[in-house]
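Engineer: Build me a structure from this.
(chains A and B)
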There are 2 protein chains.
Amino acid sequence: MSRFSFNQITAKPWTLPEMVAGCVAAGVDQVALWREPVAEYGLDRAAALVRDAGLRVTTLCRSGFFQLPGWFDDNRRAIDEAAALRAPVLVLVSGGLPEGSRDLAGAREHVADAIGRLVPDAAAAGVTLAVEPLHPMYAADRCVISTWDQALAIAERHPAEHVGVTVDTYHLWWDDTVLEKIARAGDRIAIYQLADWITPLPAGVLTGRGLPGDGCIDMRAFHDAVDKAGYRGPIEVEVMNADLWERPGRDVLAATMTSFERSFRGR
Amino acid sequence: MSRFSFNQITAKPWTLPEMVAGCVAAGVDQVALWREPVAEYGLDRAAALVRDAGLRVTTLCRSGFFQLPGWFDDNRRAIDEAAALRAPVLVLVSGGLPEGSRDLAGAREHVADAIGRLVPDAAAAGVTLAVEPLHPMYAADRCVISTWDQALAIAERHPAEHVGVTVDTYHLWWDDTVLEKIARAGDRIAIYQLADWITPLPAGVLTGRGLPGDGCIDMRAFHDAVDKAGYRGPIEVEVMNADLWERPGRDVLAATMTSFERSFRGR
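Structural biologist: Numbers count the residues shown, from 1 in each chain, chains lettered A, B, ... in the order given. Sure thing, here's the model as predicted:
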């Protein structure tokens, strides 16, 4: 459990102070924060709250969305926020196609260029940008970076301490080549996130993810690949699930911790 | 329009005789049939109906589903049905994970083996098996063959006249490597199908596809790649869309033909 980090979105209705208190009570000392609830609570207050509670922030989720006009300034703000929260990693969801566009290759090249433009700021702030390949079902509207190969190719244009890749089981599990590639990824893994695949998918395909073990992903195979790569950092459980969000945050955290432990059994 | 083939599922509520009459009235001489409506009407009657109407059957959709206990006999029946309909191609949707399984690699190997076992029957019947890679969002519950590479690797174990690949824009468009691979596919393209990607996806992610041009897929890039491969066969429009299914079949066919023509403009 020492590597467990509770990703705030998993208990979305929980307020930030409730989540912090709940994690402290449960003996959890690592959390991943999301920009919106942090902004709502106030960045400086949030930073003080987690610091005073003895929590480490493993990632700030998320910026990116490079198809939007204000992407540069917004991403620079996100880097500053990550630094203020002492989050070593900022997760990047690269955004979908621009409105009305069919130029997927062009959108992908723009993402690579945009990340390149952010590297100086990230380096200065001591924040690693974690390019996240999202499942191909999000390629049109949320993230044109759909595969491990694409994310790695973008990261490899830069030093690993500045740009890495997010390994999220939910987004990558279908790829028959991904485990061996992850195992060879060395220090390019910036963060490791767990969520399971359950069907049927809900409308909008955002809020139907499962806790590890509730779906059909072989979590242990992912654990092994990430291990082989030499990654020894935090492991977040990040699950967006409409049913989970109906439950009290404390129950969700407990279920999340149980599912996390379970996912390592039998190794 | 000489290469246009109307895939029956696009006007799902249309009965088989209605569809045949509608196609004849619209000057369409190629159709793709689905097993369920054919069985409902009767195989021999259906074969006579389309033959007497002067229609060519471009594909029979679909068998596969190799995770089910009766897959061998069912697929042999499907081969016989294709032959009876004089359909040169049988589309294979390979099925999802067996109930409760997390062994995706094992399921994929089983599919390859299963198709190998069907080749003698397909060859004897003069039917080409068209392995269809389905979008990765179906990997768990509908088709463990998720990429062009996987489908091609299975096909290449056999002569191209016995096992080919289905190129369906909807399932492949997100893949940044697929167009160049299709362009090199030579005679492995067994059938070419069009549907467009529209968001948001509906619950179950089956019935939210768009007519060519209604979504974000660059159809002309696909046309070019398929052309480069030397494919000169029929082009089906196969769109599962709940809104289309509310409309009269005749309107759906007209809209489909318009969208098909439109997708070639400006080449």
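Engineer: how much space is there between the residue sitting furthest away from the middle of chain A and chain B?
Structural biologist: The centre of chain A is farthest from one residue, A:Gly100, which by Cα atoms, centre = their mean lies 27.7 Å away. Separation of A:Gly100 from chain B (Cβ to the nearest Cβ, to the nearest Å): 8 Å. (Glycine included, C-beta is placed from N, CA and C.)
Engineer: On the three-state scheme, that residue is what?
Structural biologist: Following DSSP: H, G, I helix; E, B strand; the rest coil, A:Gly100 is assigned to coil.
Engineer: Just give the closest residue to A:Val127, not the sequence neighbours.
Structural biologist: Excluding its sequence neighbours, the residue lying closest to A:Val127 (Cβ to Cβ, 6 or more residues apart in numbering or on different chains) is A:Ala82, at 4.6 Å.
Engineer: my read: the one you found touches A:Val89, true?
Structural biologist: Yes. Using Cβ atoms under 8 Å, A:Ala82 is in contact with A:Val89, at 7.4 Å.
Engineer: more neighbours, those two?
Structural biologist: A:Ala82 (28 against 23; other Cβ atoms under 10 Å in any protein chain shown).
Engineer: Show me which positions of the helix or strand hosting that one end up buried.
Structural biologist: Counting by DSSP states H and E, the element that carries A:Ala82 is helix A:71-84. By neighbour count with 16 or more other Cβ atoms under 10 Å in any protein chain shown, helix A:71-84 contains the buried residues A:71, A:75-76, A:78-79, A:81-84.
Engineer: Pull the residues that contact it.
Structural biologist: Helix A:71-84 has contacts (Cβ atoms under 8 Å, 6 or more residues apart in numbering or on different chains) with A:35, A:38, A:43-44, A:47, A:60, A:62-66, A:68, A:88-90, A:92, A:95, A:114, A:117-118, A:121-122, A:125-127.
Engineer: I only care about those that end up buried; give me the ChimeraX line for that.
Structural biologist: In ChimeraX, a selection of the buried entries from these looks like this (16+ other Cβ under 10 Å):
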select /A:35,38,47,60,62,63,64,65,66,88,89,90,92,95,114,118,121,122,125,127
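Engineer: Just the ones in strands from the contacts of helix A:71-84, please.
Structural biologist: A:60, A:62-64, A:89-90, A:92 (DSSP state E).
Engineer: Need phi/psi at A:Leu68.
Structural biologist: Torsion angles at A:Leu68 (phi, psi; degrees, to the nearest 10) stand at phi -90, psi 150.
Engineer: For the residue nearest to it when sequence neighbours are not counted, give me the pLDDT.
Structural biologist: Residue nearest to A:Leu68 in three dimensions, not counting chain neighbours: A:Gly95, with 6.6 Å by Cβ to Cβ, 6+ apart. At A:Gly95, the model reports a pLDDT of 98.
Engineer: ok, now the one 5 residues further on?
Structural biologist: Among the per-residue scores, A:Gly100 shows a pLDDT of 94.
Engineer: Would you mind measuring from the residue nearest in space to the middle of chain A to A:Gly106?
Structural biologist: With distances taken as Cα atoms, centre = their mean, A:Val91 lies nearest the centre of chain A, 5.4 Å away. Counting by Cβ to Cβ, to the nearest Å, the gap between A:Val91 and A:Gly106 amounts to 24 Å.
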